[in-house]
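> predicted model and sequence follow; I will ask about them next.
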Amino acid sequence: MILKILRLTLHSDAPMRGDAAKLRGFFATSFNEHALLHQHVTNKLIYRYPLIQYKMLREGPLILGINEGAEVLKEIYDKFDEIRLGESTYSIMERGVILRCEEFGCSSTIHSYRFATPWLALNQKNYDKYRKASREERRNLLRSILVGNLLSASKGLGYVAKEHIRLEVGGTTEEICQLKDEKVTGIRGEFMANFEIPELLGLGKSVSRGFGAVTRLR
């Protein structure tokens, strides 16, 4: 299927310090009338795949809008001149807006990817299983979880996978991440799949807060 994707990049007067959750918080409070920016309606969480995702990358902040989320970003991208993250305020000197139509879904070719930000694959239930598993069992478990993440994102985006998803997970490393008030284990690594994933689309848990951003290996 074709997704309409808008990527908003921001360049400030100083390198931005803070995580994607703080970036999300700024947009949520500044433009509270747009539910897609914060996934809440009258204080109730919207349980669906996030159509606006916030990323803090090495190059700086990036906000990704998908379909209706792209339309919201088109409305607000120039409606602010500074961003406050925690105790720091940054003046926006330059903003980049790229709107593209991109493929998402099963492909006849195999594509290679890596996680540009930690992938939150493990919950309390499968974490114990992962800890006790051998290296090969861990790889199989992560492969199964990642296929499930792709199917979950597909469902949220209105796509039905009519082919078997072939996926292999390469070498991985673990990383301790801060999620709200707790520390969680994130996974970094590479994988291959017969699936088209747009650049920096998130998979797994807490993708609106920047986790699980996927980048293609060229």
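Sure, I can see it.
> so which helix or strand takes in residue 102?
Using DSSP states H and E, residue 102 sits within strand 88-103.
> which elements pack onto that strand?
Packing contacts for strand 88-103, counted by 3 or more C-beta pairs under 8 Å, 6 or more residues apart in numbering; DSSP states H and E, involve strand 2-12, helix 68-76, strand 82-85. Placement of C-beta: from N, CA and C, glycine included.
> keeping just the C-alphas, turn the shortest one into PDB.
Spelled out, it's strand 82-85. The C-alpha trace of strand 82-85 is given here as PDB (Å, rounded to 0.1, in the frame of the first residue of the first chain):
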ATOM      1  CA  GLU A  82      10.900  28.000  19.700                       C
ATOM      2  CA  ILE A  83      10.800  24.700  21.500                       C
ATOM      3  CA  ARG A  84      11.000  24.100  25.200                       C
ATOM      4  CA  LEU A  85      12.400  20.700  26.300                       C
END
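> distance between it and the chain's centre?
In terms of C-alpha atoms, centre = their mean, to the nearest Å, the centre of strand 82-85 is found 21 Å from the chain centre.
> give the contact list for residue 194.
106-111, 163, 165-167 (C-beta atoms under 8 Å, 6 or more residues apart in numbering).
> swap that for residue 55, please
Residues near residue 55 by C-beta under 8 Å, 6+ apart: 20, 61-64, 116-117, 200, 210, 213.
> now for those: which two are most distant?
63 and 116 (14.7 Å; C-beta to C-beta).
> these two: who's more crowded?
residue 63 (24 against 18; other C-beta atoms under 10 Å).
> bridged to the more buried one, which residues?
residue 8, residue 54 (DSSP bridges).
> tell me where this protein has helices.
Assigned by DSSP state H, the helices in the chain fall at 20-30, 68-76, 124-132, 135-157.
> for those helices, give me CSV that also has distance to residue 86 and mean pLDDT.
What follows is the helices of the chain, written out as CSV (distance: least, C-beta to C-beta, whole Å; pLDDT from 0 to 100):
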stretch, distance to residue 86, mean pLDDT
helix 20-30, 6, 91
helix 68-76, 21, 94
helix 124-132, 29, 87
helix 135-157, 30, 95
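> residue 214 touches residue 202, doesn't it?
Yes - Residue 214 lies in contact with residue 202 (C-beta atoms under 8 Å); the separation is 7.3 Å.
> out of the helices of the chain, flag the one nearest residue 3.
With respect to residue 3, and counting by C-beta to C-beta, the nearest of the helices of the chain is helix 135-157 at 6.7 Å.
> what residues does the closest one touch?
Taking C-beta under 8 Å, 6+ apart as the rule, helix 135-157 contacts 1, 3, 48-49, 66-67, 104-105, 119, 121-122, 126, 129-130, 133, 160-161, 165, 167-169, 172, 187, 191, 193, 195, 197, 201, 203-204, 212.
> report the buried members of these.
Buried members of the contacts of helix 135-157, counted by 16 or more other C-beta atoms under 10 Å: 3, 49, 66-67, 104-105, 119, 121-122, 130, 165, 167, 169, 172, 187, 191, 193, 195, 197, 201, 203-204, 212.
> how distant is stretch 192-207 from the center of its chain?
8 Å.
> which one of the helices of the chain lies closest to residue 7?
Among the helices of the chain, the nearest to residue 7 by C-beta to C-beta is helix 68-76 (8.8 Å).
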